[in-house]
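S.K.: What shape does this take:
(chains A, B and C)
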Amino acid sequence: MSSEKVKPDAKYAGELLLGLTMTAFSMFVIVEAVGMPQRGPGGLLMGPGFVPLLAGVVLLLLCSWLTLSAILKGGYRQLGQCLRDGVADVENKRFLIILAIMAIYVLGLLGRIPFIAATVIYYVLIFVYIKAGSLAKITLYTLLATFLFAFFLPRLFEMPLP
Amino acid sequence: MCTASLLLAGFAAVSAPEWPQKPITVYVGWTAGGSSDVTTRALVLEMEKKLGSKVLVTNIPGANGSIGATQVAKAPPDGYFWFGGAAVHGTWPVLGYSDVSWTDFYAFLDLVMPTTIYVLKNAPWNTLQELIADIKASPKGRFRYGHPGAGSNGEIFGGLLLETAGAAGKARSIPYNGGREAGRYLLSKEIDFASVTMGDLADWAAAGRIRPLVNLFLRETVFEGVRYPPITDVYPELAPYQAINPCYGVYVRRDTPAEIVTKIAEAFVYAIQQEAFLDIVIRERAGILMPRLGRASDEQMARIESARGWALFRLGVAPNDPSEFDVPELHEWSWPPHQRAAALRPWPEAVETIYDRLP
Amino acid sequence: MNWSIIIQEWKLLPAVALEIVSSPVLLVTIALGGVLGMTVGMLPGISAVMAMSLLIGFVFRVPTEIGLGLLIAIYVGAMASGGVTAIMVNIPGTPAAAATVMDGFPLAKQGRAKEAVEASFSGSFMGEILGEFTTLLLLPFIAVIALKLGDWEIFLVALLGITLAGALAGKNPLKGWISALLGLIVAMVGMEDIWAYPRFGYTPELVRGFTFVPALIGLFGLSEVFTVLRQSRPYQIVGEGGRVLVNFRLIKQNIVTIVRSVLVAVGIGIVPGVGESAACWVSYDMARRRSKRKDHFGQGEVEGVIAAESANSATSGGALIPSLVFGIPGSGPTAILIAGMFMYGIRPGPLLMIENPGFVAEIVILFWLAAIATRAGAVLISPYFIRILSSPREVLLPIAGALGVLGAWAAGFTLFDVYAMFAFGVVGFILRQRDFPLAPMVLGILVGRLADTSLRRALLTYSSDIGEMLIRPIGMVLMAAVLLTVISQIRAYTRK
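M.R.: Numbering: from 1, shown residues only, chains lettered A, B, ... in the order given. Okay, here's the model as predicted:
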């Protein structure tokens, strides 16, 4: 898995950042859960907020543990390096570009132009970017995949398309 | 290329004189396998024989059916998109789910399913009066009743019954995920009685495991040898509240051309007389055939809006006050209930004629 | 329910079997359905439930046995091949296949893909055959126990499933449980089932909440696409392909594991809505504890694949019969089968075995035939699908991404689901970067609502006397199991 790629000395910085984010998230959940109305004879116990509150509190405990141990292991000292590594990392750049292609497909094209056309554009973009093969091969893959999964499969199941 | 052919198909549909030219899509607003799904599928399977075109059913569950219905309300009014399932459209604005309501549709209603109080076979109560007397004599919260979910017909009926008997809030209401699940918990004795749609547990009653005490209906019904006593025997004043019983049907946009609406009505009337349809919805699901078209359908939809809308608001399930939408309470209901209903585009004359000729 | 009805079903079994086997149309249907189910099960993002619910309109137009045979064959085929995508692409198609990934994917990376697929097919084959057999044998027992299960027990089984998955799926139980809790919180979004209060309902779509399939596709599928394709030279599956057979020698070597997994699965499979996805984790955990090669689990141990697959197949078949007898569907596929039966004039419920003698026997035979047909189909098509799934990741994973979009759309036909899938993919990717396992989160999303509803409903039902609830015997056993898991995991973790 990719964590092996992260330099060991920057490991705890990432842990710290994610831990802090999730601690904040769990606090948000707790605040929201407390704000939910209390219903039924047991008040809080049976109200809509009970299980979110429970989950939020346990999450807060576990995340604080994670964050604290990252701090104890010196995570804060590596923060700067972690960010520098992150910006320079080729793999992160590749991730962002693939993310952008996906975003164009899902957020930009779907529902605006016909499904088949959107799918063809997506395949061409991503195959070309990750160099899936020669131009002829990319054309072949695109046509085949589009036919099978954007035309034949929906037809088989008689389903509506975006 | 494919896009071009799709476009061509679209043009053909617009200019063609004879509807239907292509398959019709029905969005059922509930999951596959539930009452709304099965009754709609049974109906359209027969309707397509008369229409001479395929009718495809797609399940779009969520927010009490309103997600699917809103999509139908946004689709072009060419008769190719229908909504199918329970007639609860009037509750969506009150629940804050959608601006779409029953006034946006023509409703082709085929069935109604009464709401029933069931107890275990060996329970000590033989009649509703005995059960009520026992509840009144017991400390608050000793009794528990199960129903198909928050704001369901079962919860409304249970609450109404206790209130009418002067025992409001004395039995605790426990929501389940559907009447069938409430029945399972009745069998494992976690609840004392179940207030559910009759058909949800009619087979358990036929198998002799549970007994019906009362049915929210005007006359006695017998299903597979089991008698369902009507509510009017005990509380005649609850008769108008029949409107909380689930009704089922299919719905098309109110601005669909009259000739298409008439064709759908013809196919609908044909379908509800077919044995295959009756087998599924009457003999298996214990539904009661009560077709409504034209003015009668509009009145029914409006009564449901009043009955359920106010009950949901009182139970604290619906955030919006029904009076904001000029929805009258059931006891002061008369046609037209509000300005929106008075201004409605009427049903085609031909449909009223078809409806009058129904036996 | 009594034994005489069951004995009657057993007596009818041979006659029903003969009738079905002598109908060539039905046999062809089952074979086609099995292959279709297998194909669908292997496409990441397209699930058995989806295929079944989309085909249900077609099914109603054909005769009863054909329609039900087709649905069952698709179900069995998809269950069997769900493990294949888990092994070869690291994308489990259902939460039930999440435990298969644990050892299956490492095996594939080591060039032993064929062996892993063979183990998966053999395990699930035995799971289907033995699971149905055991369920039909013990049906009256199961019926009694199923009625004893209250909300409290259902909640505890859900909790046990989440706790075990959190502890086992990753190296660090802390991160596994965080992941499970995140899933639980996601499941809280939307209208809750007790008071119909819209939690976190900031928009109409959020009032409906996140549906399960888009979350599954995003977390397992899309995050894998991101994780692998960001490397300029992704890993490749090498090693020989070839025909995959049900390997009886392998079955014989692992027969203890298989029987144990099947029994556990039949027991847990009774619990509606939770059993199917929790059983594979419980069986996997038991196989690991009993094994002499404990340390090899998670790095490519054939026994792990067999334990997980035989358990998930035994529940999916085994859960069906109780839901037929009660008429309450326990999972997505069973809900669709039950809908199909209603349309054919067969009423699942207490009268089923009285009104339609031989029907349950017919279902069992259809399951067995589908299990055999699927494996026969696998012999024919396995060389091709192993080759296709071994093709370069640069080709396979972009296609998986687009299929995920289609699958998320087909889950509810709204674009919100597709956007949700995308968001889950990004969140899943980030969590994976920090070694958070995602299987617990998926399980949390799947069982979260049920766990929440059953816990609060149990409290509501027993609000006058909570003590009465706590001393229910099955509940006490389950509570002990949850506590033991948590304590032993924390001790093992802090000692490290």
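
S.K.: Now for residue B:293: which residues touch it?
M.R.: By CB atoms under 8 Å, 6 or more residues apart in numbering or on different chains, residue B:293 lies in contact with B:108, B:109, B:265, B:268, B:269, B:347, B:351, B:352, B:354, B:355. (C-beta placed from N, C-alpha, C; glycine too.)

S.K.: ok, and does stretch B:296-310 reach over to chain C?
M.R.: No - Stretch B:296-310 does not reach chain C (CB under 8 Å from any CB of the partner chain); its nearest approach is 12.9 Å.

S.K.: Now do the phi/psi pair for the closest residue to chain B within chain A.
M.R.: Distances between chain A and chain B by CB to the nearest CB are smallest at residue A:114, namely 4.9 Å. The phi and psi torsions at residue A:114 (degrees, to the nearest 10) take the values phi -50, psi 150.

S.K.: How many residues are close by it?
M.R.: Residue A:114 has 17 neighbours, counted by other CB atoms under 10 Å in any protein chain shown.

S.K.: Could you do residue A:91 as well?
M.R.: 15.

S.K.: isn't it right next to residue C:230, touching?
M.R.: Yes - taking CB atoms under 8 Å as the definition, residue A:91 is a contact partner of residue C:230 at 4.6 Å.

S.K.: Dump the helix or strand of chain C with the lowest mean pLDDT to CSV, restricted to CA.
M.R.: The helix or strand of chain C with the poorest confidence is helix C:320-326; it has a mean of 77 (mean pLDDT, DSSP states H and E). Listed next in CSV are the C-alpha coordinates belonging to helix C:320-326 (Å, rounded to 0.1, in the frame of the first residue of the first chain):
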residue,chain,number,x,y,z
LEU,C,320,-33.3,-17.0,2.6
ILE,C,321,-35.3,-19.8,4.1
PRO,C,322,-36.1,-18.1,7.4
SER,C,323,-37.1,-15.0,5.5
LEU,C,324,-39.4,-17.2,3.4
VAL,C,325,-41.0,-18.7,6.5
PHE,C,326,-41.6,-15.3,8.1
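
S.K.: which is the next helix or strand following that helix?
M.R.: Counting by DSSP states H and E, the next helix or strand C-terminal to helix C:320-326 is helix C:332-343.

S.K.: got a list of contacts for that next one?
M.R.: For helix C:332-343, contacts defined as CB under 8 Å, 6+ apart pick out B:31-34, B:37-38, B:41-42, B:280, B:284-285, C:48-49, C:52-53, C:56, C:59-60, C:67-68, C:71-72, C:75, C:316, C:319-320, C:323-324, C:327, C:329, C:347-348.

S.K.: Roughly how far does the residue most central in space within chain C sit from residue B:264?
M.R.: The centroid of chain C falls nearest to residue C:96 when counting by CA atoms, centre = their mean (2.9 Å). Between residue C:96 and residue B:264 the computed distance is 43 Å (CB to CB, to the nearest Å).

S.K.: How about the helix or strand that contains residue B:266 and chain C, any contact?
M.R.: Assessed by DSSP H and E, residue B:266 sits inside helix B:258-271. No - shown here: helix B:258-271 not in contact with chain C (CB under 8 Å from any CB), separated by at least 14.1 Å.

S.K.: I'd like the average pLDDT over that helix.
M.R.: Mean pLDDT, helix B:258-271: 94.

S.K.: Same question for stretch B:45-59.
M.R.: Here stretch B:45-59 scores 89 as its mean pLDDT.

S.K.: Show me what it is in contact with.
M.R.: By CB under 8 Å, 6+ apart, stretch B:45-59 touches A:158-160, B:20-28, B:30-32, B:37, B:40-41, B:44, B:68, B:82, B:84, B:263-264, B:266-268, B:270-272, B:274, B:276-277, C:53, C:56-57, C:60-61, C:413.

S.K.: Going along the chain, name the helices of the stretch 251-359 of chain B.
M.R.: For the stretch 251-359 of chain B, the helices defined by DSSP state H, counting those that start in this stretch cover B:258-271, B:275-278, B:294-314, B:339-342, B:349-357.

S.K.: Could you say which of those helices is packed most deeply?
M.R.: Among those, helix B:294-314 has the highest mean neighbour count (mean count of other CB atoms under 10 Å in any protein chain shown), at a mean of 23.

S.K.: Next up, the contacts around the residue of the stretch 151-300 of chain B found nearest chain A.
M.R.: As assessed by CB to the nearest CB, chain A sits closest to residue B:172 within the stretch 151-300 of chain B, at 7.4 Å. With contact set as CB under 8 Å, 6+ apart, residue B:172 has these partners: A:41, B:141, B:143, B:144, B:145, C:460, C:463.

S.K.: can you redo the residues you listed as TSV with neighbour count, secondary structure and pLDDT?
M.R.: Output for the contacts of residue B:172, formatted as TSV (neighbours: other CB atoms under 10 Å in any protein chain shown; DSSP: H, G, I helix; E, B strand; the rest coil; pLDDT from 0 to 100):
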residue	neighbour count	secondary structure	pLDDT
A:41	13	coil	76
B:141	13	coil	80
B:143	19	strand	92
B:144	19	strand	93
B:145	27	strand	94
C:460	21	helix	89
C:463	17	coil	81
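
S.K.: Now distance to residue C:34 too, for those residues, in CSV please.
M.R.: What follows is the contacts of residue B:172, written out as CSV (distance: CB to CB, whole Å):
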residue, distance to residue C:34
A:41, 52
B:141, 53
B:143, 51
B:144, 46
B:145, 46
C:460, 45
C:463, 49
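
S.K.: Out of the residues you listed, the closest to residue C:391 would be?
M.R.: residue C:460 (53.9 Å; CB to CB).

S.K.: Now do the helices in chain A.
M.R.: Assigned helices in chain A, in chain order: A:11-35, A:50-72, A:79-88, A:90-103, A:115-129, A:135-146, A:153-156 (criterion: DSSP state H).

S.K.: rank those helices by mean pLDDT and give me the bottom one.
M.R.: Lowest mean pLDDT within the helices of chain A: helix A:79-88, a mean of 79.

S.K.: quick one, strands of the stretch 101-250 of chain B?
M.R.: For the stretch 101-250 of chain B, the strands defined by DSSP state E, counting those that start in this stretch cover B:105-112, B:115-120, B:143-147, B:171-175, B:193-197, B:210-215, B:221-223, B:226-228, B:247-253.
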